[in-house]
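A.B. asks: Everything below, folded, please.
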Amino acid sequence: MRRVVVTGIGMITPVANTAEDSWKALVRGQSGTGLLTQIDATPFNSKVAAEVKNFDPTAYLSLKDARKTDRFVQFAIACSKMALDDSGIDVSKEDPYRIGTLIGTGIGGLHTIEAQYKIMTEKGPDRLSPFTIPMLIVNMAPGQVSITFGFKGPNSCVATACATGSNAIGDAMRLIQRGDADMMFSGGTEACITNLGFGGFDAMKALSTLNDAPEKASRPFDKTRSGFVMGEGCGIVVLEELQHALKRNAKIYAEIVGYGMTADAYHITGQDPTGEGAMRCMQLAIKDGGLKPEDVDYVNAHGTSTDINDRCETLAIKRALGESHARKVLISSTKSMTGHLLGAAGAIEAIAGILAIRDQVAPPTINYSTPDPDCDLNYVPNQAQQSKIEVVISNSLGFGGHNACLAFKKYR
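C.D. replies: Numbers count the residues shown, from 1 in each chain. Take a look at the predicted model:
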């Protein structure tokens, strides 16, 4: 198959509004979580969130267009612009039919849904915005990116809950491998810190209630973990066919070599306690990449800070890599700093893995203080660790039993 490399990245996260600033913050171990500000926290048990700060959509869109797009779409356009600039692609010199867009979201336009429903119930349906549906539908993230930049190749959307970002990147890789495109803008975006979105997760008792120390609320693999911190943001990568990238002298971050996806077929929200689905997913990505388990140097874990996820994922890593190598490999959850970005999580975490290869450093799992006997691997506690990192896998495990794993390696 045709080889695929990463030549551009863009990120908006709770720790910073650019890719490089986000990465530097993650390596420093900077928390992006805090008290909830976008909505009134009074009715909820959890009052902690990982919000994007000081994002100005008019830096990327006209004011008129910004008013016609939901926040999750604004994030996607902004990150795609960052990734485009970073890649050095001159779109005017490229065949637009060979550039595609595959961006996912777990939930989509909740801001629009809530705002327009309020207008309808208070003022009547004739006062609804004519842009209501185009603003809220999930496929409008890749749709608007395609329109904004003139990409006329494959254009699609993935929605697999917390596995979305990884599935989108893996599916985009496949399109390039089989020759359907030469370049793909791919990743995940999410912005659903709204009364309905936050309240729904709060009602499930899934969110951390460490309200008196919000920056410490996300604590993956720690014995005192009590739930995840809801976040928002976006991650976009430019995937490019290797020869196309070399021909234009592109900067190459890493090569994407493997992709696995499986189903737990177990429960609507809970993971299979044996870790079987996640284990098979990692095994498939490793095999797809022509790798062996012992080749893996770093695992960016799904690591949500929930009791069941962290325990099951630890077991799955042991089963996939073998107990001996699992104890040697570096593992961390960047959700300890970004919170859980839902449909954007996989993309943000894939980029963290890519940059770990570039800089030969594994970002930490912060807020790790009390070891859990069921989570007994090296989670890079509290401080980044310099190491030889040639091969990375990134895990995403979503509601509905969706599992996705991506494998990257240093380009040679």
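
A.B. asks: so residue 239, which of the three states?
C.D. replies: Under DSSP: H, G, I helix; E, B strand; the rest coil, residue 239 falls in the strand class.

A.B. asks: nearest spatial neighbour of it, skipping sequence neighbours?
C.D. replies: residue 184 (4.7 Å; C-beta to C-beta, 6 or more residues apart in numbering). Just so you know, the C-beta spots here come from the backbone N, C-alpha and C atoms, and that holds for glycine as well.

A.B. asks: Over to residue 78?
C.D. replies: Here the residue nearest residue 78, using C-beta to C-beta, 6+ apart, is residue 60, at 4.3 Å.

A.B. asks: What is the burial count for the one you found?
C.D. replies: Residues within reach of residue 60, counting by other C-beta atoms under 10 Å, total 19.

A.B. asks: remind me which residues of the stretch 101-250 of the chain are low pLDDT?
C.D. replies: The stretch 101-250 of the chain contains no residues with pLDDT under 70.

A.B. asks: Would you map the helices across it?
C.D. replies: Ranges of helices within the stretch 101-250 of the chain are 110-123, 132-136, 140-149, 164-177, 195-203, 242-247, based on DSSP state H, counting those that start in this stretch.

A.B. asks: out of the ones you listed, deepest packed?
C.D. replies: helix 164-177 (a mean of 28; mean count of other C-beta atoms under 10 Å).

A.B. asks: who's in contact with residue 392?
C.D. replies: 254, 296-300, 353-354, 356-357, 407-409 (C-beta atoms under 8 Å, 6 or more residues apart in numbering).

A.B. asks: any idea whether it is helix, strand or coil?
C.D. replies: Per three-state DSSP, residue 392 ends up strand.

A.B. asks: Please determine how far the residue nearest to it when sequence neighbours are not counted is located from residue 391.
C.D. replies: Leaving aside its sequence neighbours, residue 392 sits nearest to residue 353 (C-beta to C-beta, 6+ apart; 3.9 Å). Distance, residue 353 to residue 391, using C-beta to C-beta, to the nearest Å: 10 Å.

A.B. asks: coming back round to it: among the contacts of residue 392, which are in strands?
C.D. replies: Members of these lying in strands (criterion: DSSP state E): 254, 298-300, 407-409.

A.B. asks: how's the chain carved up into domains?
C.D. replies: What the record gives for the chain is the domain set 4-247, 256-409, from automatic domain parsing.

A.B. asks: chain center to the last one: distance?
C.D. replies: Just to be clear, that refers to domain 256-409. Offset of domain 256-409 from its chain centre (C-alpha atoms, centre = their mean, to the nearest Å): 13 Å.

A.B. asks: so which strand or helix has the residue positioned nearest the centre of the chain?
C.D. replies: Of all residues in the chain, the one closest to the mean position by C-alpha atoms, centre = their mean is residue 345, 2.3 Å from it. Using DSSP states H and E, residue 345 maps to helix 345-359.

A.B. asks: Just the angle for that helix relative to helix 164-177, thanks.
C.D. replies: Comparing the axes of helix 345-359 and helix 164-177 via axes from the mean of the first three to the mean of the last three C-alpha atoms, to 10 degrees yields an angle of 70 degrees.

A.B. asks: just checking, next helix/strand downstream of helix 345-359?
C.D. replies: In N-to-C order, the element after helix 345-359 by DSSP H and E is strand 361-362.

A.B. asks: which ones are touching residue 38?
C.D. replies: 49, 51, 193-194.

A.B. asks: so what pLDDT did it get?
C.D. replies: We have a pLDDT of 97 for residue 38.

A.B. asks: got it, and residue 307?
C.D. replies: Value for residue 307, per-residue pLDDT: 96.

A.B. asks: Quick check: closest non-adjacent residue to it.
C.D. replies: Nearest residue to residue 307, sequence neighbours excluded (C-beta to C-beta, 6+ apart): residue 225, at 6.5 Å.

A.B. asks: my read: that neighbour touches residue 310, true?
C.D. replies: Yes. Taking contacts as C-beta atoms under 8 Å, residue 225 lies within contact range of residue 310: 6.5 Å.

A.B. asks: Find residues that contact each of those two.
C.D. replies: residue 372.

A.B. asks: now the helices of the stretch 101-250 of the chain in a markdown table, with distance to residue 17?
C.D. replies: A markdown table is the format used below for those (distance: least, C-beta to C-beta, whole Å):
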| stretch | distance to residue 17 |
| --- | --- |
| helix 110-123 | 18 |
| helix 132-136 | 22 |
| helix 140-149 | 18 |
| helix 164-177 | 18 |
| helix 195-203 | 21 |
| helix 242-247 | 27 |
